[in-house]
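Participant: sequence-free structure coming up:
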């Protein structure tokens, strides 16, 4: 079972988290083309190796995290808050 | 040598020392008309039907490991065509019809066992959805019956049909022609039959690159050197994204781990395939007596062919909720496979946007039962250069057109299908 | 009955107590300390089961968890358990066991006929036959025969009465295996402040040292174990777990352990779980998991009385049992000499020690001792076949180079084909293996950063080196200089290299040389697989079923792959191993869910007012995890009749429904309106304080995600409601958007679904009822449609604060009242009391559904089924052109705007017919199948207000089909009905009632 380091709560078991998928996807600008949106919504790199992905500590602090994990070994390489400095930090 | 009870008896006299190779292990030639990447059920079936239906036998199937070593040999062997949406229903029904004659066609017993697939309903909403699907099946010419709770209790005495159950059983949708087949035999049967028609099956040959010249495929780079081919078909579910990326194509697919497990073998206790959507669970009993069961994905991208304990716990909890008397049986083996999870839960079978390149993949949980039709239609698409009407709906461009085939209505979250 | 084969002294058993047990109906006795296997052997029972495929007689082959043969059916009734290894089953008083896979009895088994047909049944025979045209029937019939013949034991017929529990633990060092190396590792690391867990699958820690006559630090094996265990037990940082098998190694160094808490007890105490599943997160793991001995494939090597040499030694030394009277030992390595010496000391006659190695290679300490003891060693020789029917009576011995066979009478054959380190868990932890030519076995290639193998598991088979290796592994966990323990010392034995011998040619053509006793796989099967091209080790496993039984090939896999290597002219390294999969040994299913079973398999969510509903006789329906009132039947009413009465009463008078399950999300902050603008299709920056608005959310792909009402409570304070099913999903969606995508928005959100109880009061007389209990004016002028306000509700317990919303799902004049959850019942009862004079009745989900169908309101999950757009539902006009929102960029893809989209319509059943359940819509009943479907019914009901069956449906091009007559059909129910297509709203399309 993955042990995911939550930046706020420390290392916690996978069962406390909800998966959010590829974290490298960049939301297109509101006036972007339909093609841009199709790529954003449907296409994935799906790498075998380091994968930047989102997890929510849903049974904990409910913060979304950005985790780097090797999809071949499940080794967790890094984890960080989803956004470095958000107004949410001060809340 | 044709397999039959007679050849078996004849070979018994020579102590089975004269059985020939089921398939050759040829060296790869430098050029083929068609190269199929992936020596699982889908790739081997594609090659077989290319030779059989289209007379194209200058074909190589390239397999990085050993044939049938991927998802073909890792699934829970369920065969069915109980789908709601028309494209799925027609496609899987074609597949089921091929299953029905497959052993004879291949001269290899794939042990298709039409023992029935029963989807349990635990609430009025479940019944509505199951009946809506069953009605669609019937109008599409597919067998389906709705069973009452009492029917189910009679048919499957081990099932907890009491009203006190946490998810009480209120009925179920049965597809009598659904069932199971022996997964490995499918790969071996197609391999032997394709080989007999002249297809070269090259094991231990990993494709490391796809050469594209002027927008058209020229061949594949492999661990055994370059192999030229004007047509390349990908049948590498689990790794479709990686192969497509070699031709510069991004797919609407993520790879996820799906686990399954078997119990220790016991005398027959279950002769129907039972599934429950409410508790995410499916179970059947193998001919060896093992209870074969599975459930949800592990819910994170993975190529590791291994999963973790929580999903195993969940699957078994579901099992015991439905079959409380199985509690003292034991888990004998668990394993994981890598699934192509597509963005609408349905496969991609068709041409890719590089000339000469095609794929069959994106199977999510359910590629095994699709094997015959997937191979048949993929072969058709390769041979004709255009899809058959039964796989036209499974084209890659359906996402930009908005014509997704989302059986579950879960949307573009691949692990939610 | 006497224990004829029990020695008068020695062993780790308690002779002062006798335990009665029963096997196949016969009574026997044993002692505490026995396993079922040792007790059976003590009583001279050697034939204990029938094999899987050929139903051949089988005896006890091993002494531990690797046992392939001696699987029994334990106990009777609800606690019966199939496929239990007699070799690991501790004996208790009253134990009942039976042999398996035989009918009618072990001695006379009808299934044994398959043994006679065995020449027709080589590996994979079933792939080659049963393919006739009528195959499906023929195969189905034959399949039943196969299935009945296979399958080993029987599943219980009743629910498991026992309970299981889970335990989470964290430690610095987990030592798996409490033999010499494991104990040395734990002892070395103890006292360093590390938290240590040591688990061992045996009843008693110590592994093969128990009862062994070796000397460690001047103590006998058992004495050293006791001394070490005393030291460890006294250390508060050390947890010792006997009877605990580590069975899986998972990501993040999480090991799964199964502790058998009461399986060894005749009468388990109450309130104690049968087994406990441990999930241990370990900083470091030492796998001191020992090694498994393997056999040698010679003809008829499966006769009862054939046993691994190490097992024979264990039976003698640990259990004080003579497993036979006259033994032949067959070996290719030194270890079997220890068995020979032990047997000799126990008074078992040694007919021969058959060693495949040459005289000059048999130079180890143990062999010298055997020679000194005068035991007859036959060098350069092999056993080429066994003789006997239901037990071995003799073997044929021949020179390894071939030549004259000699028959030697015996009733016990002790085989040692070498040892395989037990690397299952190490390998699961991603440890890489290498093949060691000298040891003829796979060993760890190198330790991992947090995981090491030690002792025999690390290829250190001698006691002295295993102790040293274990000690070093323990020190590896503490870091240098932190351990005060001295390394335990045992006398170093000189070993001689084993000879790689896997099989012996069969004297009789077609003779069976078993590789996998569990699944009846022979050397001939492996040769056949190789001959037919099944040359990958995975093909071999799958084609022959090698290693696929409950033992997962512990004694057979290595042998099988070596024979495959030989047959295909490859090295063992080239052939490789199959992947080791959890569990290490079979684990009871019941242990995995633990307490999450029965009613607790998933939580049940009860409404705050559940008790009130129950007191009123509500019938409940499962809605996701919730229990909701379906209707409130009165005496003599069915739940459906009650729902019709309730629905009618809402339109005629007034009704009240519990809507607390709706998702509720509080939103505060400067940018809430902006967030709402982005997530809903309609506009929110124009919503004034004190007003509510209906909104629809889309997924990124332009398909409807959810709907609900959001109210502006204050300038920067909103309350969003979601559908019941999507409460969690929408919350997560918003959190993700705010944290990941739009951190610049200042919005604070919290889910308050369970903090508020909500009631909807609906009907023409709703205002009168409400006015009687609230302290604000709820007239149409002061509190119009879509108003929000705060108020006090007067209740029997005093006034309670409430949030009041004027919104309508039923299409009637209606209000929603939200109060803090624990005050819900007071509010509810106050309204019920106030409504008495106005005909107020509570109504359930069924009437609620009827009312909303009559009104044409959609439900997410029915009409919005994950494939429908806002426009499909007739809500395209809600999409604000003035702003962007999620889903808008992809909403207009070609297929989503096609004219034949399935669009929402209303259907009315004609001819007074009943609308079939979950019907499909077709134009022509008589078309050949497949009959094209134009759409389907999404929701349907008997409308007591319209007095006909009506439905909402999705219909291809539905908005242009109003007035058409089509068929709604249910082939499953053999029902069909003519329906007229119309708009989805059946009642008050202008909305006068809800605004009135």
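Facilitator: Arrived safely, thanks for sending. Bear in mind the structure is a predicted one, so any value in this text is a computation, not a measurement. Residues are numbered from 1 along each chain as shown, chains lettered A, B, ... in the order given.

Participant: C-alpha only now, for contacts and for neighbours.
Facilitator: OK.

Participant: can you pull the contacts of the nearest residue to residue C:812 once chain neighbours are set aside?
Facilitator: Ranked by C-alpha to C-alpha, 6 or more residues apart in numbering or on different chains and with sequence neighbours excluded, the top spatial neighbour of residue C:812 is residue C:994, at 4.5 Å. Applying C-alpha atoms under 8 Å, 6 or more residues apart in numbering or on different chains to residue C:994 gives the contacts C:785, C:808, C:811, C:812, C:813, C:814.

Participant: surely residue C:994 is within a helix?
Facilitator: Yes. Looking at residue C:994 with DSSP: H, G, I helix; E, B strand; the rest coil, it is inside a helix.

Participant: distance of it from residue C:807?
Facilitator: Look at residue C:994 and residue C:807: by C-alpha to C-alpha, to the nearest Å, they are 8 Å apart.

Participant: which neighbours do these two have in common?
Facilitator: C:785, C:813, C:814.

Participant: returning to what we had before: how about the contacts of residue C:994 in TSV, adding pLDDT and secondary structure?
Facilitator: Shown next, in TSV, are the contacts of residue C:994 (pLDDT from 0 to 100; DSSP: H, G, I helix; E, B strand; the rest coil):
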residue	pLDDT	secondary structure
C:785	97	coil
C:808	96	coil
C:811	96	coil
C:812	97	coil
C:813	97	coil
C:814	98	strand
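
Participant: restrict the shared contacts of residue C:994 and residue C:807 to those near chain B?
Facilitator: Subset of the shared contacts of residue C:994 and residue C:807 in contact with chain B: empty, counting by C-alpha under 8 Å from any C-alpha of the partner chain.

Participant: so which of the residues you listed wins on neighbours?
Facilitator: residue C:814 (31 neighbours; other C-alpha atoms under 10 Å in any protein chain shown).

Participant: OK, contacts around it?
Facilitator: Contacts of residue C:814 (C-alpha under 8 Å, 6+ apart): C:760, C:761, C:762, C:763, C:766, C:767, C:806, C:807, C:808, C:994.

Participant: what of residue C:599?
Facilitator: B:165, B:166.

Participant: would you say it is within a helix?
Facilitator: Yes. Residue C:599: assigned to a helix according to three-state DSSP.

Participant: not counting sequence-adjacent ones, nearest residue to the closest residue to chain A within chain C?
Facilitator: As assessed by C-alpha to the nearest C-alpha, chain A sits closest to residue C:251 within chain C, at 4.8 Å. Ranked by C-alpha to C-alpha, 6+ apart and with sequence neighbours excluded, the top spatial neighbour of residue C:251 is residue A:1, at 4.8 Å.

Participant: do residue C:857 as well
Facilitator: Nearest to residue C:857 is residue C:809, by C-alpha to C-alpha, 6+ apart, at 7.2 Å.

Participant: give me the most central residue, chain C.
Facilitator: residue C:592 (6.0 Å; C-alpha atoms, centre = their mean).

Participant: spatially, what comes nearest to the residue of the stretch 151-300 of chain B found nearest chain A if we skip its sequence neighbours?
Facilitator: Taking C-alpha to the nearest C-alpha, chain A has its nearest neighbour within the stretch 151-300 of chain B at residue B:252, 4.3 Å off. Closest residue to residue B:252 apart from its sequence neighbours, by C-alpha to C-alpha, 6+ apart: residue A:43 at 4.3 Å.
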